[in-house]
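In: Give me coordinates for this.
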Amino acid sequence: MVHLVIYEPPPNCYRYGEYASKLAYNWPRNIKTADSTPSPVELYRTILSSADDQSIHIISIGFLTNLADLLRSKADHISHLSGLQLISAKVSELVVMGGQYPSGWEYNFGGEDPESTAYVVQHWPKNVSVTYSGGELGGDIFSGQHLAQRCPPDSPVLSAYQWYVGRDSTIRSSWDPITTLYGILGLEWFSKIGVRPMLAYANDFGYNSITAANGSNAWVNDTKVTNQHWLRLAEGVTNYSMAGLLDEFYTHDPSLRSCFRYGVLSENFDAVL
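Out: Next up is the predicted model:
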């Protein structure tokens with residue numbers, strides 16, 4: 001399974017551009033300028049065209065502009081399939097950080113490009129599963145508290161949080177990390193990393209809908225639709241324990257062979273922390 005994590009920064013937003021530019025400048029990279037890269041739709045179409053059927057998970061942690069453009073794209077020299085056909089054939093799940101559940105307004109859906117949000121929600125292929133991670137889930141889970149104490153000074157994770165949040169604090173709501181973690185692990189946590197599942201589906205059936213031009217959404221209960229879900233914390237999981245798990249990933253030395261600093265974690269994760 002291949003996971004594509006797609007982040008779209010808000011246009012003309014200096015705050016986002018500053019920290020991303022600093023990371024690109026200070027860590028080794030092959031790409032020298034953004035002009036040397038393909039367009040988002042070209043990159044999507046190239047990756048999907050060469051992928052096995054149903055082998056791609058797309059994790060969207062920004063606006064849905066590029067996905068909307070992909071859906072609208074026509075067959076070209078990269079593939080004889082349209083964007084809609086490519087997605088239907090190659091993608092097994094879309095994971096979206098966006099929306100408020102069961103209903104409300106959230107920035108990724110309505111902050112910059114609500115038209116693209118509505119297009120993706122309404123035109124996504126019905127055979128491809130969609131899981132939503134809402135603003136209400138990650139907003140109250142504050143991770144990154146101990147990065148300065150536990151990360152080496154040359155850690156790109158530490159620098160990213162310092163440049164985004166500020167050097168006096170690296171604590172940040174955990175919308176995107178939770179979405180990415182689910183996108184990679186799904187609900188099969190224990191079999192993959194030895195940790196009991198910390199997320200669960202909040203619904204058994206139904207689908208997401210856009211209810212206003214500003215990107216507001218609401219969940220529609222419909223027993224005929226069973227491949228769309230929105231996430232919640234699993235029973236017994238606290239905001240604190242989820243934040244602690246995320247911090248383990250942020251600060252873990254990738255050269256170590258074990259999963260975590262504490263070894264394999266168990267249901268007593270709160271106590272371990």
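In: what ranges do the strands span in the protein?
Out: Assigned by DSSP state E, the chain shows strands spanning 2-6, 56-60, 91-97, 103-104, 129-133, 142-143, 172-173, 199-201, 207-210, 217-220, 228-233.
In: mind putting those in JSON lines, mean pLDDT and mean neighbour count included?
Out: Every C-beta, even on glycine, is put in place using the N, C-alpha and C of the backbone. Shown next, in JSON lines, are the strands of the chain (pLDDT from 0 to 100; neighbours: other CB atoms under 10 Å):
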{"stretch": "strand 2-6", "mean pLDDT": "57", "mean neighbour count": "16"}
{"stretch": "strand 56-60", "mean pLDDT": "95", "mean neighbour count": "23"}
{"stretch": "strand 91-97", "mean pLDDT": "97", "mean neighbour count": "23"}
{"stretch": "strand 103-104", "mean pLDDT": "98", "mean neighbour count": "16"}
{"stretch": "strand 129-133", "mean pLDDT": "98", "mean neighbour count": "24"}
{"stretch": "strand 142-143", "mean pLDDT": "96", "mean neighbour count": "21"}
{"stretch": "strand 172-173", "mean pLDDT": "95", "mean neighbour count": "18"}
{"stretch": "strand 199-201", "mean pLDDT": "96", "mean neighbour count": "16"}
{"stretch": "strand 207-210", "mean pLDDT": "98", "mean neighbour count": "20"}
{"stretch": "strand 217-220", "mean pLDDT": "98", "mean neighbour count": "20"}
{"stretch": "strand 228-233", "mean pLDDT": "97", "mean neighbour count": "22"}
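In: right, and those strands - which one's nearest residue 32?
Out: Of all those, the one in closest proximity to residue 32, counting by CB to CB, is strand 2-6 (21.8 Å).
In: Mind jotting down where the helices sit in the stretch 101-250 of the chain?
Out: With helices called from DSSP state H, counting those that start in this stretch, the stretch 101-250 of the chain shows them at 107-110, 114-123, 135-138, 147-150, 156-165, 175-185, 189-193, 239-251.
In: Of the ones you listed, which is nearest residue 68?
Out: Here helix 114-123 is closest among the helices of the stretch 101-250 of the chain (CB to CB), at 3.7 Å.
In: since we're on residue 39, how many residues are nearby?
Out: Residue 39: 10 surrounding residues under other CB atoms under 10 Å.
In: Would you mind stating the distance between it and residue 70?
Out: 10 Å (CB to CB, to the nearest Å).
In: where in the stretch 151-273 of the chain is pLDDT low?
Out: Applying pLDDT under 70 to the stretch 151-273 of the chain picks out residues 257-273.
In: Pipe the helices of the stretch 101-250 of the chain into CSV and attach mean neighbour count and distance to residue 214 per row.
Out: Shown next, in CSV, are the helices of the stretch 101-250 of the chain (neighbours: other CB atoms under 10 Å; distance: least, CB to CB, whole Å):
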stretch, mean neighbour count, distance to residue 214
helix 107-110, 24, 5
helix 114-123, 20, 6
helix 135-138, 22, 14
helix 147-150, 16, 35
helix 156-165, 18, 26
helix 175-185, 22, 19
helix 189-193, 14, 35
helix 239-251, 20, 28
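In: Tell me which of these lies nearest to residue 57.
Out: That would be, of the helices of the stretch 101-250 of the chain and by CB to CB, helix 175-185, which comes in at 5.6 Å.
In: Packing partners of the closest one?
Out: Contacts defined by 3 or more CB pairs under 8 Å, 6 or more residues apart in numbering; DSSP states H and E place helix 175-185 against strand 2-6, strand 56-60, strand 91-97, strand 129-133, helix 135-138, strand 199-201, helix 239-251.
In: Great, nothing more from me.
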